[in-house]
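Engineer: need a 3D model of the sequence below.
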Amino acid sequence: MPDSNAAAWPWVRARLSGLRHTARPGTGRPGGSPLVRTAVVTDSAAALPADYSGRLAQGGILTVTPMPVMVGAEIYGEGEDDILDTVAVAMAAGKAVKTSRPSPGQFEQAYRAAELRGFEGIVSVHISGGLSGTADAARLAAARVGIPVEVVDTGTVGMAQGMAVQAAVQAAAAGAGPAPVAAAAAAQAARTKVFFYVPSLEQLRRGGRIGAAASLLGTMFAIKPILAVDGGRIVPLEKVRSGARAVARLEEIVAAEAAARPGDSVRLAVHHFGNPEEAESLAARLEAALPECPPAQISSLPAVLAAHAGLGVLAVIVGRTASGPEPGGPEAGAHLST
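Structural biologist: As a prediction, this is how the structure comes out:
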């Protein structure tokens, strides 16, 4: 299903179509339309639609830095290799699947490329620091380049992070400088919730995202956990006895969260890994339950997240559309640093 925030995409594309990359930002274009002055960098945990990130990459305004995924002795780059099938097969065979943060050098390369294109600043929007050291790597790289870099720890992951990136891109496309672009990303992240269900806690335990005791409890009593991302970390919401009941309860939680917001400002995304039919069915039920909400964007988790969530995961992101209330500034849960 296409990106449900597609209404904003033609406006962003039109704004970028005349961008003169060799000109220093701030010089303007005929007709008074401002040049894009701020580049946006993120990591592949943002789960952005390939069409969206690919088109913006052509203009240099958005760079997605791949996060490494290790399957056995092989290292793959998210976005550079088609690795989801490889990860799924490895998990089914019991092979080790690990992930790593991008290196500071990868971010430095992206920042220097933006500097060479003539951008006057960069906003680097990343996966929660409670789940990955990616933002720390970005901060190290930021100190090595000649233009200011604002690093935003979104405190979240997946399309919740992706929505923050899209808010940053929209602000940048309007000609905003680094500070307001970073504030737009942080405010969007703070208004976005992540809820998910995993059939097994084993992959999360192996990756160090939950404790061994929690994983053992789920195994011993066949508990199917509903989890959330809160305070930048994965936290348990409820423990349910069956997979079917867990999915139904996930649907109820999401519907209640969305119903508490203005109907025309809610945006949903559904992630899965290896179970697209379940994801489509869940999205259809949410569409029926929330008629004022646009249809959910459905996508597979990027491999760097699938490696931790495991096969059969269902995740739902509840966010705010571009047409929602304008943010007054960054809120708790999303952190800015330079």
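Engineer: please enumerate the strands of the stretch 101-250 of the chain.
Structural biologist: Along the stretch 101-250 of the chain, the segments classed as strands by DSSP state E, counting those that start in this stretch run 121-126, 149-153, 193-197, 224-230, 233-240.
Engineer: just those: most buried one?
Structural biologist: Highest mean neighbour count among the strands of the stretch 101-250 of the chain (mean count of other C-beta atoms under 10 Å): strand 121-126, with a mean of 30. No exception for glycine: its C-beta is placed from N, CA and C like everyone else's.
Engineer: of all the strands of the stretch 101-250 of the chain, which one is nearest Ala283?
Structural biologist: strand 193-197 (13.7 Å; C-beta to C-beta).
Engineer: so what touches that closest one?
Structural biologist: With contacts defined as C-beta atoms under 8 Å, 6 or more residues apart in numbering, strand 193-197 is touched by 156-158, 160, 224-229, 237, 243, 246-247, 250, 253-254, 257, 271, 309, 313-319.
Engineer: distance check, Val181 against Pro262.
Structural biologist: Using C-beta to C-beta, to the nearest Å, one obtains 25 Å as the distance from Val181 to Pro262.
Engineer: so which of those two has more stuff around it?
Structural biologist: Ranked by neighbour count (other C-beta atoms under 10 Å), Val181 and Pro262 place Val181 first, with 30 against 12.
Engineer: what sits against the most centrally placed residue in the chain?
Structural biologist: In the chain, the residue lying closest to the centroid (C-alpha atoms, centre = their mean) is Ala46, at 2.4 Å. Applying C-beta under 8 Å, 6+ apart to Ala46 gives the contacts Val64, Val125, Ile127, Gly158, Met159, Gln161, Gly162, Ala164, Val165.
Engineer: ignoring the adjacent residues along the chain, who's closest to the fourth one?
Structural biologist: Which is Gly158. Nearest non-adjacent residue to Gly158, counting by C-beta to C-beta, 6 or more residues apart in numbering: Ala47, 4.8 Å away.
Engineer: was I right to think the one you found contacts Pro302?
Structural biologist: Yes: between Ala47 and Pro302 a contact is recorded at 5.1 Å, counting by C-beta atoms under 8 Å.
Engineer: and Ala14, what pLDDT?
Structural biologist: Ala14 is assigned 54 on the pLDDT scale.
Engineer: oh, that last question was meant for Met70, not what I typed.
Structural biologist: 85.
Engineer: just the helices in the stretch 101-250 of the chain please.
Structural biologist: Counting by DSSP state H, counting those that start in this stretch, the stretch 101-250 of the chain has helices at residues 104-117, 134-142, 159-173, 178-190, 202-206, 212-220, 243-259.
Engineer: could you single out the most deeply buried of those?
Structural biologist: Each of the helices of the stretch 101-250 of the chain was scored by mean neighbour count; the highest is helix 159-173, a mean of 29, by mean count of other C-beta under 10 Å.
Engineer: mind giving me the packing neighbours of it?
Structural biologist: Counting contacts by 3 or more C-beta pairs under 8 Å, 6 or more residues apart in numbering; DSSP states H and E, helix 159-173 packs against helix 9-17, strand 38-43, strand 121-126, helix 178-190, strand 266-272, strand 314-320.
Engineer: roughly how far is it from the heart of the chain?
Structural biologist: The chain centre lies 9 Å from the centre of helix 159-173; the measure is C-alpha atoms, centre = their mean, to the nearest Å.
Engineer: what is the end-to-end distance of stretch 289-305?
Structural biologist: 28 Å (C-alpha to C-alpha, to the nearest Å).
Engineer: one more: stretch 231-249?
Structural biologist: This stretch, stretch 231-249, spans 22 Å end to end (C-alpha to C-alpha).
Engineer: that older thread, pLDDT wise, what is the residue nearest to Gly158 at?
Structural biologist: The predicted local confidence for Ala47 is 94.
Engineer: and it, how many neighbours?
Structural biologist: Neighbours of Ala47 under the rule other C-beta under 10 Å: 26.
Engineer: which residues are in contact with it?
Structural biologist: Gly158, Met159, Gln161, Gly162, Ala269, His271, Ser299, Leu301, Pro302, Leu305.
Engineer: so in the protein, where's the weakest helix or strand by average pLDDT?
Structural biologist: Ranking every helix and strand in the chain by mean pLDDT, DSSP states H and E puts helix 212-220 at the bottom, with a mean of 47.
Engineer: rewinding a little: how about TSV for the strands of the stretch 101-250 of the chain, with mean pLDDT added?
Structural biologist: As requested, those are arranged in TSV below (pLDDT from 0 to 100):
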stretch	mean pLDDT
strand 121-126	98
strand 149-153	98
strand 193-197	95
strand 224-230	89
strand 233-240	87
